[in-house]
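# sequence-free structure coming up:
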């Protein structure tokens, strides 16, 4: 019960931070309106999926450094296959790319389980492998995205409810909600908390790890798809999603080491970080200072969270 | 050199103030996706200096970071939200940011792409001709090698649009010289340290070769030759201050610098201001063709001599201004101050 409260406390804190930032945004730019929120939601998409992928890997007690590279593979695969294809084919391409994502994640997981190389090392190696694969598929930005797919994330359902946000929530919920309620979800948290204890309780920890990485791969593929959907092309060079995903996961209350955290916190953290970036642009802050500001905010928030957590345990 | 620049700047200022009826207070947004690279930093400084010098810009809103096309979409949309009058953008690639450009122009914001073209029809483009850049240098190099031999091909960043365009130019020259072979092809990522290490590694293999083509990571390549005491071969680079200095000073170095002015950023600001002032250009795309300065001809040596500028950072291109497009002085671009700074 107390732990449940602590967990939602973190999320509530993030919501509070988000509201404060929203007020700040309105103060900097009084014209800020639904269209600005729509831009924000669209910009959050690839970061949100990258963070979801990272979160699953961290929850099972690992980390996946190849997230951004897997997104690049998914993005170029989708862009190449959709180039000149019809609407129906594009739908099949999406399904295929998701399978590719699952497969890439499963390969990462299997590599870790079979070779017993630490997660951080194995996925670092795979970062380069997937990066090379993406370049082999497409050696320069190109390809295309089906128009209906691109329209999925443009505009709003009603003002202040951007389609991109609906897309994000639906995609994450379809995967995450059933997963969290399933046995596999329990296994992931158990393995992340203590692999040995989980193993002795009869959890198939090795299979669980592979499955968790595969789900991470699926999220990464969704992230890659959103890149192609928003740009209309595929880019073989991975974007700045790896470290951003680690940062958002940690900021969102996921404990590095595994077993503790959810998906809501990290997604809120993604939106907060994008809003910070937007505020820095709106306020026309010196571009060489912006990254310092972003980093400082992250450290302060995580530090405050840590202090509050310790205090919470004492009382 | 400086006097000539100042004179042209003066003339241009007079021309500009004569043309524009009154000073206006525009806000210009800038979006760039490579940070910490000498060429791009010069581009940003040229934008700042030109905005300040024009007297028509109240403030610049600069989104300048390392990111991909999706990140640039975010930056452009943020600039739209910030309410800028014009956006000057160095596009991450020609197609990926079209949707945000369209959103900007639909709202009446003038968009000018510099350095590389964009395919969105509502944006204007002032660009260096990247394909010609590579073709010109490669052709000179193959000629210098006597039309045959092995060349080391040191490209930019894998998957970058500018690298792809340059590759097309390089291949075009290669087709004209069937006896030239590419002995070694690497991506420097446009990183000085990486390019230098790659050359040191290749030199240490002892495999002979007859020429080096670089995509602008040039002065460190000459350094690599000198440090490993290897016999020099013809080297093609960009007009970066460090390399142009080496072309004048390093004994036994035969080489050529192909111009690729970062001051194109200043030209982009000028074009944006012209359009805001009601003067739209005849063509949507203005291409700036590169020039080649070699140290093997009298004429080339004179150009290299004239371009020397020890005040510049070695990674900055020496062509800090573009006639008819930029009006700031050398000191102003080095100071790198924009309006209100």
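Arrived safely. Fair warning: this is a prediction, and the values are worked out from it, not measured in the lab.

# could you use CA atoms for every contact and neighbour count after this?
Fine.

# for the stretch 101-250 of chain A, which residues are neighbours of chain B?
By C-alpha under 8 Å from any C-alpha of the partner chain, the residues of the stretch 101-250 of chain A that approach chain B are A:135, A:138-142, A:227, A:230-233, A:235-240.

# run the last query once more with 7 Å
Contacts of the stretch 101-250 of chain A with chain B, taken as C-alpha under 7 Å from any C-alpha of the partner chain, map to A:135, A:139-141, A:227, A:230-233, A:236-237, A:239-240.

# how far away is residue B:333 from residue B:285?
Taking C-alpha to C-alpha, to the nearest Å as the measure, residue B:333 falls 25 Å from residue B:285.

# tell me where the chain has strands.
Went with chain A since none was named. Using DSSP state E, the strands found in chain A span residues A:156-158, A:161-162.

# my bad, the chain I had in mind was chain B
Under DSSP E, chain B gives strands at B:26-32, B:57-64, B:86-89, B:110-114, B:124-128, B:149-155, B:180-187, B:211-214, B:235-238, B:255-258, B:285-288, B:292-294.

# hey, least reliable of the ones you listed by pLDDT?
Lowest mean pLDDT within those: strand B:285-288, a mean of 87.

# for burial, what's the neighbour tally of whatever residue of the stretch 201-341 of chain B ends up closest to chain A?
Taking C-alpha to the nearest C-alpha, chain A has its nearest neighbour within the stretch 201-341 of chain B at residue B:341, 10.2 Å off. As a burial measure, residue B:341 scores 9 neighbours (other C-alpha atoms under 10 Å in any protein chain shown).

# for it, which residues are in contact?
Residue B:341 makes contact with no residue, according to C-alpha atoms under 7 Å, 6 or more residues apart in numbering or on different chains.

# from residue B:51, how far out is it?
Counting by C-alpha to C-alpha, the gap from residue B:341 to residue B:51 is 12 Å.

# one more: residue A:260?
51 Å.

# out of the two, which sits in the more crowded spot?
residue B:51 (28 against 18).

# so the more buried one touches residue B:57, yeah?
Yes: counting by C-alpha atoms under 7 Å, residue B:51 does reach residue B:57; the two are 5.6 Å apart.

# format the strands of chain B as JSON lines; extra columns: distance to chain A and mean neighbour count.
Compiled in JSON lines, those are given as follows (distance: least, C-alpha to the nearest C-alpha, whole Å; neighbours: other C-alpha atoms under 10 Å in any protein chain shown):
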{"stretch": "strand B:26-32", "distance to chain A": "9", "mean neighbour count": "24"}
{"stretch": "strand B:57-64", "distance to chain A": "5", "mean neighbour count": "23"}
{"stretch": "strand B:86-89", "distance to chain A": "13", "mean neighbour count": "28"}
{"stretch": "strand B:110-114", "distance to chain A": "16", "mean neighbour count": "27"}
{"stretch": "strand B:124-128", "distance to chain A": "18", "mean neighbour count": "25"}
{"stretch": "strand B:149-155", "distance to chain A": "13", "mean neighbour count": "21"}
{"stretch": "strand B:180-187", "distance to chain A": "12", "mean neighbour count": "16"}
{"stretch": "strand B:211-214", "distance to chain A": "19", "mean neighbour count": "26"}
{"stretch": "strand B:235-238", "distance to chain A": "22", "mean neighbour count": "29"}
{"stretch": "strand B:255-258", "distance to chain A": "23", "mean neighbour count": "27"}
{"stretch": "strand B:285-288", "distance to chain A": "21", "mean neighbour count": "17"}
{"stretch": "strand B:292-294", "distance to chain A": "27", "mean neighbour count": "24"}
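
# okay, those strands in TSV with distance to residue B:301 next?
Converted to TSV, these look like this (distance: least, C-alpha to C-alpha, whole Å):
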stretch	distance to residue B:301
strand B:26-32	34
strand B:57-64	36
strand B:86-89	35
strand B:110-114	29
strand B:124-128	23
strand B:149-155	24
strand B:180-187	26
strand B:211-214	19
strand B:235-238	15
strand B:255-258	10
strand B:285-288	22
strand B:292-294	7
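
# so which of the ones you listed comes closest to residue A:195?
Nearest to residue A:195 among the strands of chain B is strand B:180-187 (42.3 Å), distances taken as C-alpha to C-alpha.

# who does that closest one pair up with?
If you go by DSSP bridges, strand B:180-187 pairs up with strand B:149-155 (parallel).

# find the nearest non-adjacent residue to the residue of chain A found nearest chain B, please.
Of all residues in chain A, the one sitting closest to chain B is residue A:140 (3.8 Å; C-alpha to the nearest C-alpha). Leaving aside its sequence neighbours, residue A:140 sits nearest to residue B:159 (C-alpha to C-alpha, 6 or more residues apart in numbering or on different chains; 3.8 Å).

# quick check on the one you found: phi, psi?
Residue B:159 adopts backbone torsions of phi 90, psi 0, taken as degrees, to the nearest 10.

# neighbours of residue 117, just the number please.
Using chain A here. 12.

# could you do chain B instead?
By other C-alpha under 10 Å, 27 other residues sit near residue B:117.

# where does the stretch 1-150 of chain B dip in pLDDT?
Counting by pLDDT under 70, the stretch 1-150 of chain B shows low-confidence ranges at B:1-23.

# do the same with the stretch 201-315 of chain A
When residues are selected by pLDDT under 70, those of the stretch 201-315 of chain A lie in A:309, A:312-315.

# which residue ranges of the stretch 151-300 of chain B form helices?
Here the stretch 151-300 of chain B has its helices, by DSSP state H, counting those that start in this stretch, at B:161-176, B:192-205, B:219-227, B:241-249, B:264-276, B:298-307.

# again but with chain A, I slipped
Under the criterion DSSP state H, chain A contains helices at A:2-28, A:34-59, A:67-82, A:87-115, A:119-137, A:147-151, A:163-181, A:183-193, A:195-200, A:205-231, A:242-251, A:264-282, A:287-314.

# dump those helices into a markdown table; add mean neighbour count as well.
A markdown table is the format used below for the helices of chain A (neighbours: other C-alpha atoms under 10 Å in any protein chain shown):
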| stretch | mean neighbour count |
| --- | --- |
| helix A:2-28 | 15 |
| helix A:34-59 | 27 |
| helix A:67-82 | 30 |
| helix A:87-115 | 19 |
| helix A:119-137 | 18 |
| helix A:147-151 | 15 |
| helix A:163-181 | 16 |
| helix A:183-193 | 22 |
| helix A:195-200 | 16 |
| helix A:205-231 | 28 |
| helix A:242-251 | 24 |
| helix A:264-282 | 23 |
| helix A:287-314 | 13 |
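
# nearest to residue B:108, of those?
Nearest to residue B:108, of all the helices of chain A, is helix A:34-59, at 15.6 Å by C-alpha to C-alpha.

# of all the helices of chain A, which one is nearest residue B:235?
In terms of C-alpha to C-alpha, the element of the helices of chain A nearest to residue B:235 is helix A:119-137, at 27.9 Å.

# what residues does the stretch 51-200 of chain B put near chain A?
Residues of the stretch 51-200 of chain B lying close to chain A (C-alpha under 7 Å from any C-alpha) are B:61-65, B:67-70, B:74, B:77-79, B:81-82, B:96-97, B:158-161, B:164.

# 6 Å instead?
Counting by C-alpha under 6 Å from any C-alpha of the partner chain, the residues of the stretch 51-200 of chain B close to chain A are B:61, B:64, B:67-68, B:74, B:78, B:82, B:96-97, B:159-160.

# can you give me the helices for the stretch 1-150 of chain B?
Under DSSP H, counting those that start in this stretch, the stretch 1-150 of chain B gives helices at B:2-19, B:38-54, B:69-81, B:98-106, B:130-144.

# what angle do the shortest one and helix A:205-231 make?
Here helix B:98-106 points in a direction 40 degrees away from that of helix A:205-231 (axes from the mean of the first three to the mean of the last three C-alpha atoms, to 10 degrees).

# from the contact counts, what lies against helix B:98-106?
If you count contacts as 3 or more C-alpha pairs under 6 Å, 6 or more residues apart in numbering or on different chains; DSSP states H and E, helix B:98-106 packs onto no helix or strand.

# run through who's touching it.
B:73, B:120 (C-alpha atoms under 6 Å, 6 or more residues apart in numbering or on different chains).

# just the angle between that helix and strand B:110-114, please?
140 degrees.
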